[in-house]
Each structure stands twice: as structure tokens, then as C-alpha cells.
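1. Pasting the sequence and the predicted coordinates here, then a few questions.
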Protein chains: 2
Amino acid sequence: MQEKPTSFDIAQLAGVSQPTVSRALRGSPTVSEATRRKIEEIARQLNYKVDKNASNLRSQHTNTLALLLFEDPTPDDSLINPFFLSMLGSITRNCAIRGYDLLVSFQQLSGNWHTDYQDSGKADGVILLGYGDYDEYRWRLDKLVAEGANFVRWGSVQEGQPGITIGCDNLQGGYEITRHLIGLGRRRIAFLGAASSGYPEFQDRYRGYVKALSEAELPVLAANQVDAISTEESGHEAALTLIGRGLDFDAVVCASDLIAIGAIRALQEHGLAVPDTVAVTGFDDILAANFANPPLTTIAQDSREAGAALVDALIGQIGKQTVESRMLPTRLVVRRSCGGAPT
Amino acid sequence: MQEKPTSFDIAQLAGVSQPTVSRALRGSPTVSEATRRKIEEIARQLNYKVDKNASNLRSQHTNTLALLLFEDPTPDDSLINPFFLSMLGSITRNCAIRGYDLLVSFQQLSGNWHTDYQDSGKADGVILLGYGDYDEYRWRLDKLVAEGANFVRWGSVQEGQPGITIGCDNLQGGYEITRHLIGLGRRRIAFLGAASSGYPEFQDRYRGYVKALSEAELPVLAANQVDAISTEESGHEAALTLIGRGLDFDAVVCASDLIAIGAIRALQEHGLAVPDTVAVTGFDDILAANFANPPLTTIAQDSREAGAALVDALIGQIGKQTVESRMLPTRLVVRRSCGGAPT
DNA sequence: CTGAAAGCGCTTACAG
DNA sequence: CTGAAAGCGCTTACAG
């Protein structure tokens, strides 16, 4: 392993000064074509790479974004929400397209994250991703804004939120999928998922559900809603609670695919056929939704566009542009779990 | 947004020299307890964070690892192998435990990666992860070794491979799951998955399958094997090819869960009941395996331990320790797709 | 179009 | 236990 070459080595070999090497390699137009070629050729031969620590230190920006993935309360690898994993793929790819590196970190919501990444010069900005109790961490967002940090967040897009938020149109998604069930003749529709301010995205989906019921002049019963977080176990448990209440229902709108998969298991354990007796719908369109038994009717969130929107917004913010929160459209995906797909 | 404080600011406020601040904050034992406390207190008040670019530049190491995720030929987000996504979670977590940051990057196998990360001082070492044609990129591994790069790879552990490889015991996994099928009375067992040198992990699984058949004195027919890569579509297509050959088979060992899920779809489309007529098994134990219809009997790879092994090996290598390639045990997970689970 | 000088904010010998 | 000095490898005015 030979000594790592520096810009001084290149300069000496090219017979120019070191700053000229630096300028040439960054494609500065003030360098003559001939010297640029010569320098590039030598750099390639020596396998020279600009030292990022030195260039970042001098220029005071890193061309790196940090992705903070929250997951409370489960510190279990296997429980990372599949939707976030697919977002991660999209974010990584969009960073590469824009010439940024991506630093990834899992965080406990309760942890001490804040602006460490930006303050320590490791990243120019931060992307926040994850479910968890919003009430618990809203004050941290306020703090980030106060510190002038660059950050964007995936979540529920609402007026008066601190900072920039990118999210899908959860209300519309909940509305559309509930309308679809009503259109199929279902009338006694339950909802599984936390419908509280701590889980704004689920709450938005719940509001969409309520809106669809109200428009159809169907009753909205508190007993038809059971809290659940986005895991299969929680969905299973919530469905058991719903069944235990003894109400009559012919459909269940679930706030996520994992909840729906757990709910289907509970229903089937109790001899309730899906979709014949009870229709079930999810939200997210994760890979497993397609392979569930029966395959899940769900609302697709476009993780590809979401990743692009997050990265674009953050880079815009770093570049002192004015960026706005944005709501992305959702798409209804009909499969067999609602009984409405062509057979 | 106030000016970012430096170690000089802390030094002045604490009435000490700047190097003393640096020593105190890194927990050097040569700093007196009293001054260390004072310095830490002031640093906290100013929300001071050590500038990583400066400290990395000076100390010539970054405490950062880079994860390169390969995926050829599909540049599609949704097709990232779920198993790798779960590895990513585990690697991230283990980096955090060891005090390292993680840089993540998706790469085309054909791309120009090599040691860029290490040469440019962005990472101390690299983790390589991904399927793809091994024959196509083996020379790159040789190049990495020649350049003295620090890297570890997830893959097939074999003698004479360049560098350090961590992988699961694919041969044992293939052997065990085939034995299980034989034990359940299946005799005409096919295999779906590329059994060539370009896909050494699949090849190892195939060898385990062959070993189990041979031990049971069952014939190994070339016509019973069809190539497939790890996607649902490829599994579907391979199963159609197998069916088209008109051979009689009562079980299909698939080289991955995604292949198995595709194969089940093809079999069911042709009126072949799973598992009654044909038993099907997978490999990986991804989330969707549990929710498939019927749920997949499969071989679990422990992504948690795998991530720890990769990170430990790489950090050991960076620390100039002698590290060895390692093979991780697998675990048979029996579900309904093989017809053998208790009903 | 190119060079000499300065400096980004740390860590690391070295001296005391 | 602490300080003065040097330097990691770049980029950025500034001068010509």
C-alpha cells in the first residue's frame, strides 16, 4: 500500500502550482484546457482522490446528508417498517443523483440527536423519518428550527408545523379506500389504528375514513375504532379487541399493511372469512401486501417520489432557497382482500 | 443562527489552551478532573461539537464505514432484496454500537466503485453487499486486495477467495431443507435457482440439495433444475419452465423466498396444490415468507448476527488485527408450504 | 490563466 | 498536568 498522493504530488508532476491542481480537478473554467487535461491524466494514473476531510473543512460544506431513522419503542431489526426501508432505498438513490453522500443512523425517539450531525460538520442537513409519538418529539423540531438547522421530515403535512414536512395525502388515502368499500356495499366499517395527535398520519387516515362514512350518511361509532401501532402483533391484538366488543362489522380499514395482516390473522382465527364476511384494507403497499392471504387492497405511497421530494427539499434549503412543505398523491391498489377485484 | 463555536472559544472561556480542550473532550487521562469538568460544562452550554472534518483530517481516520449495496441488473427501488434491507438495519445498528458512522451507497455492479471511499478519506473501510454475477466482479476484489483496502464482503465463504468474506452456511441450509422434504416423504424434488459459479451462494444451496438427494439415494436429474435470480418474476418464470418440461415432481426447493413465492403462483395457476401436490420451500426468511399463501417453510439467515459479524470483522481489519472469513449457521423454519407443519 | 499566501479546526509530538 | 508549535490537505481571496 503506497503513500496516498496529494494535490502537491500532482502539481509537481504536472509542473504547476498546487492550487491549479485543485481548480482543474473541480472543473474551474479559469484553468486552460491543456493544463486541465494534463492534470486529470496524472491524477488518474496516481489514482488520486481529493481528500474530503480537507476540502470539507476548508469549504465548510460536506455534500453529505444525514438520514435519521426513528423507531420507538422496538429496538428490533426485524421490526423496521418495510415502508421506511423502501424509502431509504429511494433516498439513497436520489442523494447519489444529486451528488450527495448519505449518512444513515437509527435513533431512539427519546435519544439525544438534535443537530449533532450538522454541528459536527458531518452533514449539511438532516432527513427525519419514522413513526413514533409525535407529541413526544415536536419540541425537538422547534429546537431544530430555533438553531437554524437544515432539516426535512416525512410525516403529516399540516399548517403550523415547525420546519418543512413532506408527506403523502393521508386524508385522501383514507377517504378513497373507505369510499371503495362503501361502493362495494360494505356498511358497517371499523377502523384499526391510533387516531390520536401522537400519530398524525394515522389520524389523517382516520379523518378520511370518517369523511367517507359521513358523506355516505353512515354512522361513525367510537366503538368501531381501536388503537394500533404499525406492527403485525398490534394489528392482531386490535382486531381481537374489536371482535371482543361484539359489534357487527363487515369491513375493517387498517391504518397500515402490517396492521391489516395482523387483523386478517385474528379474523381468520375466529372463523371470519376475508373478504367474504369481513373485507380488510391496508395502507402503504409494502411487498408483503401483495403476498398476503388474501392479497391486500391498500393505498400505495410512492416511495420513489417521496425520496426525491425529501432530498430535493433539503438540498434546496441548504442552498438557501425557499422550499415549501409538500403533500404527495396516493394511489388505490385493489386486490382480493376487499372482495372487489375481478375474480 | 449564531457563529459555530470552536475549541478556541471554549479554551478562552475556560482559561486554558486550545489543545487542553481537545484532550479534555476526548477523555484523555492526562487532563485533571477539575479542568475537564469545567471544559465539558462550557462545551455543553455553547452546544459545542468537535468538527469531524478537522479531526479526521488531522488524525487520518474517520470512524466511518461505507456500505456499498449492489444490485444488478435492476435499478428499481422496489426490487431491493428484502434480506439485504434487513441486513442494512443490522449493520447500521452495529456501527452505532461500535461508535462508527455509516455511509450508505447503492452501486451498479458494473460501476466504478473500488476504493473511492477510502481514498477520499470518507470512510476507513467498506462493506460489500449484494447479489449479482460473481464472475463479473471478482477481479475488482483482487484489485481491492492489491490496493491494501479495508473491506469485508457478504457472500459465499470458500477457500481462496480474495479478502474477508462473511456468509451463512448455504450448503448446510440447502442440505437441511432438502432432508426435511425427504423426511416428509417427497421423492421427486426439483430445484429453482442459478446453480452456476456466477451465483456462488445459490450454487452452494444447490450443492446441499444434491448432497441430501445423493445420501437418500435419490436420482439427481439435470432436468429438475432451472436457473432463476432472486425475484418473484424470475421464480414464476422458472416454475413455468419446469412445468413445461412435463416431468413429474412433488417438491420444489427454491434458492430464495422471492423465487418460492413466484413459483407458488405459477404452480397454483396450473392447478397444482401447494403443499398437497407440490411442496415448496424458500431461503432467507424475509417478512413476506411468513405471510405467503401458504406460509413458506424456509431457511432463516440471522441478519442480526450477520451485521455484527461484518462490522466486527471490518473494524478488526482497520485495527490491523488478523480477521478470518466466517460462516454463520442457518436455521430451518417449518411452515405450511412443505406440508409438514403441525396443523 | 496561474501562483504565493493564508487559513479551515482540529490532533499530535515535544517540552516543561 | 498543561502549553507553544506544527501540520493534516485542501479552497479561497488576492495579485499579477
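-> Yep, it's here.

2. any idea how far the residue of the stretch 151-300 of chain A found nearest DNA strand D lies from DNA strand C?
-> Using CB to the nearest atom of the strand, the closest approach of the stretch 151-300 of chain A to DNA strand D is made by A:Phe151 at 23.2 Å. In this view, the C-beta of every residue, glycine as well, is placed from N, C-alpha and C. Distance from A:Phe151 to DNA strand C, counting by CB to the nearest atom of the strand, to the nearest Å: 21 Å.

3. wait, doesn't that residue sit right on A:Val126?
-> Yes. Contact criterion CB atoms under 8 Å: A:Phe151 and A:Val126 qualify, at 4.4 Å.

4. Now do the shared contacts for the two.
-> Listed contacts common to A:Phe151 and A:Val126 are A:Leu314; contacts here mean CB atoms under 8 Å, 6 or more residues apart in numbering or on different chains.

5. Name the SS class of the residue lying closest to A:Asn224 once chain neighbours are set aside, please.
-> Closest residue to A:Asn224 apart from its sequence neighbours, by CB to CB, 6 or more residues apart in numbering or on different chains: A:Ala190 at 4.3 Å. State at A:Ala190, reduced to three classes by DSSP: H, G, I helix; E, B strand; the rest coil: strand.

6. so A:Ala190 sits right up against A:Gln225, yeah?
-> Yes. Using CB under 8 Å, A:Ala190 makes contact with A:Gln225 at a distance of 6.9 Å.

7. neighbour-wise, which of the two wins?
-> Remark: of A:Ala190 and A:Gln225, A:Ala190 carries more neighbours, 25 against 20, as counted by other CB atoms under 10 Å in any protein chain shown.

8. Spell out which residues of the stretch 201-343 of chain A are next to chain B.
-> A:261, A:287-288, A:291-294, A:303-304, A:307 (CB under 8 Å from any CB of the partner chain).

9. Tell me the helices and strands packed up against the helix or strand bottoming out on mean pLDDT in chain A.
-> Lowest on mean pLDDT, DSSP states H and E among the helices and strands of chain A sits helix A:116-119, with a mean of 75. Under the contact criterion of 3 or more CB pairs under 8 Å, 6 or more residues apart in numbering or on different chains; DSSP states H and E, helix A:116-119 touches strand A:64-70, strand A:125-129.

10. hmm, it in reach of DNA strand C?
-> No. Taking CB under 7 Å from any atom of the strand as the criterion, helix A:116-119 and DNA strand C are apart, separated by no less than 9.2 Å.

11. Extract the C-alpha trace of that helix and format it as PDB.
-> Output of helix A:116-119 as PDB, limited to C-alpha atoms (Å, rounded to 0.1, in the frame of the first residue of the first chain):
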ATOM      1  CA  ASP A 116     -25.300  16.800  16.100                       C
ATOM      2  CA  TYR A 117     -24.700  15.900  12.500                       C
ATOM      3  CA  GLN A 118     -24.700  19.400  11.300                       C
ATOM      4  CA  ASP A 119     -22.800  20.900  14.200                       C
END
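
12. Now do A:Thr241: how many residues are near it, please.
-> Using other CB under 10 Å, the number of residues around A:Thr241 comes to 14.

13. can you pull the contacts of it?
-> By CB under 8 Å, 6+ apart, the contact list for A:Thr241 reads A:Val226.

14. what about the helix or strand containing it, average pLDDT?
-> Here A:Thr241 sits within helix A:232-244, counting by DSSP states H and E. Helix A:232-244 shows a mean pLDDT of 94.

15. How far does that helix sit from its chain's centre?
-> 26 Å (CA atoms, centre = their mean, to the nearest Å).

16. Next, the buried residues of it.
-> A:232, A:234-240, A:242-243 (16 or more other CB atoms under 10 Å in any protein chain shown).

17. For those residues, give me CSV that also has distance to B:Asp116.
-> Listed next are the buried residues of helix A:232-244 as CSV, based on distance: CB to CB, whole Å:
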residue, distance to B:Asp116
A:Glu232, 40
A:Ser234, 43
A:Gly235, 44
A:His236, 46
A:Glu237, 48
A:Ala238, 48
A:Ala239, 50
A:Leu240, 53
A:Leu242, 54
A:Ile243, 56
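
18. Grab the two from the residues you listed that are most spread out in space.
-> Within those, A:Glu232 and A:Ile243 form the most distant pair, 16.5 Å apart (CB to CB).

19. what packs against the particular helix or strand that has A:Arg58 in it?
-> Assessed by DSSP H and E, A:Arg58 sits inside helix A:52-59. Helix A:52-59 sits against helix B:52-59, with contacts defined as 3+ CB pairs under 8 Å, 6+ apart.

20. when you scan the helix it packs on, is anything in it near DNA strand C?
-> Yes. Applying CB under 7 Å from any atom of the strand, one finds helix B:52-59 in contact with DNA strand C at B:54-55, B:57-59.

21. Kindly format the C-alpha coordinates of the helix holding A:Thr241 as CSV.
-> Output of helix A:232-244 as CSV, limited to C-alpha atoms (Å, rounded to 0.1, in the frame of the first residue of the first chain):
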residue,chain,number,x,y,z
GLU,A,232,-48.5,-7.2,12.8
GLU,A,233,-48.9,-8.1,16.5
SER,A,234,-50.6,-4.8,17.3
GLY,A,235,-53.0,-5.3,14.4
HIS,A,236,-53.8,-8.8,15.6
GLU,A,237,-54.4,-7.6,19.1
ALA,A,238,-56.6,-4.6,17.9
ALA,A,239,-58.7,-6.9,15.8
LEU,A,240,-59.2,-9.2,18.8
THR,A,241,-60.3,-6.2,20.8
LEU,A,242,-62.8,-5.3,18.1
ILE,A,243,-64.1,-8.8,17.9
GLY,A,244,-64.4,-8.9,21.6
